[in-house]
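Pasted the sequence and its predicted model underneath.
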Amino acid sequence: MPKILILLVHPALEKSKANQMLLDSIPNSENITLHDLYEEYPNFSINVKTEQNLMADHQIILFQHPLYWYSCPPLMKLWIDLVLDDGWAYGPGGNQLKGKKWIQVITTGGSKDAYSKDGFHGYETEDFLLPFRRTAELCGMDFLKPFLVQGTFQLNELDLQKESNRYSKFINQLLGGIYE
């Protein structure tokens with residue numbers, strides 16, 4: 001069974017009902033490690049070796065974060081800059097992540113329609129993920145389709161519960177080796 005590392009990167013988790021409900025739906029498994037980067041590194045002082053060891057010990061890396069200004073929160077960007085080091089993650093001798101899976105679990109306040117060619121943002125959410133795709137590819141990782149929860153500002157309790165159930169099922173499929 002593959003081991004999953006969930007890197008939670010939300011600077012205001014206490015304000016995000018959607019992310020809280022997603023977290024609550026993560027199956028209890030010894031093969032899942034939940035790692036809250038804002039809790040671990042409130043001063044942005046990242047322990048690179050610790051993070052690299054965590055990544056080395058897992059086959060699937062889930063980055064759970066909100067979409068911030070068409071990208072990721074600042075701590076995730078810093079984490080990528082520091083942890084995915086030349087000679088470790090890419091470049092000569094940098095093959096530590098080869099074959100691992102990169103999946104983003106992204107929440108957006110805007111709806112799926114807003115993130116469409118004809119919508120408010122003019123592009124689909126996946127279009128904003130190109131830098132992450134290229135980063136994963138540079139590291140020899142398999143960039144898989146993101147798990148999206150969109151329109152979170154409009155979701156009611158029932159909708160949030162449906163998304164939580166969908167997330168739990170998604171993670172269980174990953175544990176079973178099913179990548180869609």
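On my side now, so go ahead. Numbers count the residues shown, from 1 in each chain.

ok, now which ones touch the closest residue in space to residue 61 that isn't next to it in sequence?
With sequence-adjacent residues excluded and distances taken as CB to CB, 6 or more residues apart in numbering, residue 61 is closest to residue 5, at 5.1 Å. Where you see a C-beta, it was placed from the backbone N, CA and C, and this is true even at glycine. By CB atoms under 8 Å, 6 or more residues apart in numbering, the contact list for residue 5 reads 33, 35, 54-55, 57-58, 60-62.

Give me the secondary structure label for residue 5.
Under DSSP: H, G, I helix; E, B strand; the rest coil, residue 5 falls in the strand class.

Residues in a beta bridge with it, which ones?
Using DSSP bridges, the bridge partners assigned to residue 5 are residue 33, residue 61.

residue ranges with poor pLDDT in this protein?
180 (pLDDT under 70).

swap the cut-off to 80 and go again
Within the chain, the stretches with pLDDT under 80 are 179-180.

And the strands in it?
4-8, 32-36, 60-66, 101-108, 142-143, 147-150 (DSSP state E).

List the residues that contact residue 150.
107-108, 110-112, 114-115, 125.

Buried among the contacts of residue 5? Need that as a selection in PyMOL.
Selecting only the buried entries of the contacts of residue 5 in PyMOL, with 16 or more other CB atoms under 10 Å as the criterion:
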select buried, resi 54+55+58+60+61+62
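
Can I get the strands of the chain in JSON lines including distance to residue 162?
Formatted as JSON lines, the strands of the chain follow (distance: least, CB to CB, whole Å):
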{"stretch": "strand 4-8", "distance to residue 162": "20"}
{"stretch": "strand 32-36", "distance to residue 162": "21"}
{"stretch": "strand 60-66", "distance to residue 162": "18"}
{"stretch": "strand 101-108", "distance to residue 162": "14"}
{"stretch": "strand 142-143", "distance to residue 162": "26"}
{"stretch": "strand 147-150", "distance to residue 162": "10"}
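
can you tell which of those is closest to residue 88?
strand 60-66 (14.4 Å; CB to CB).

ok, residues contacting that closest one?
2-10, 16, 19, 22-23, 55, 72-73, 76, 100-109, 132, 141, 147, 171, 174.

For residue 145, see how far away the residue nearest to residue 84 when sequence neighbours are not counted is.
Leaving aside its sequence neighbours, residue 84 sits nearest to residue 139 (CB to CB, 6+ apart; 6.0 Å). Look at residue 139 and residue 145: by CB to CB, to the nearest Å, they are 18 Å apart.

Between the two, tell me which one has more neighbours.
When neighbours are counted by other CB atoms under 10 Å, residue 139 and residue 145 differ, and residue 139 comes out ahead with 22 against 11.

Would you check that the more buried one makes contact with residue 86?
No - contact between residue 139 and residue 86 fails when scored by CB atoms under 8 Å: they sit 10.6 Å apart.
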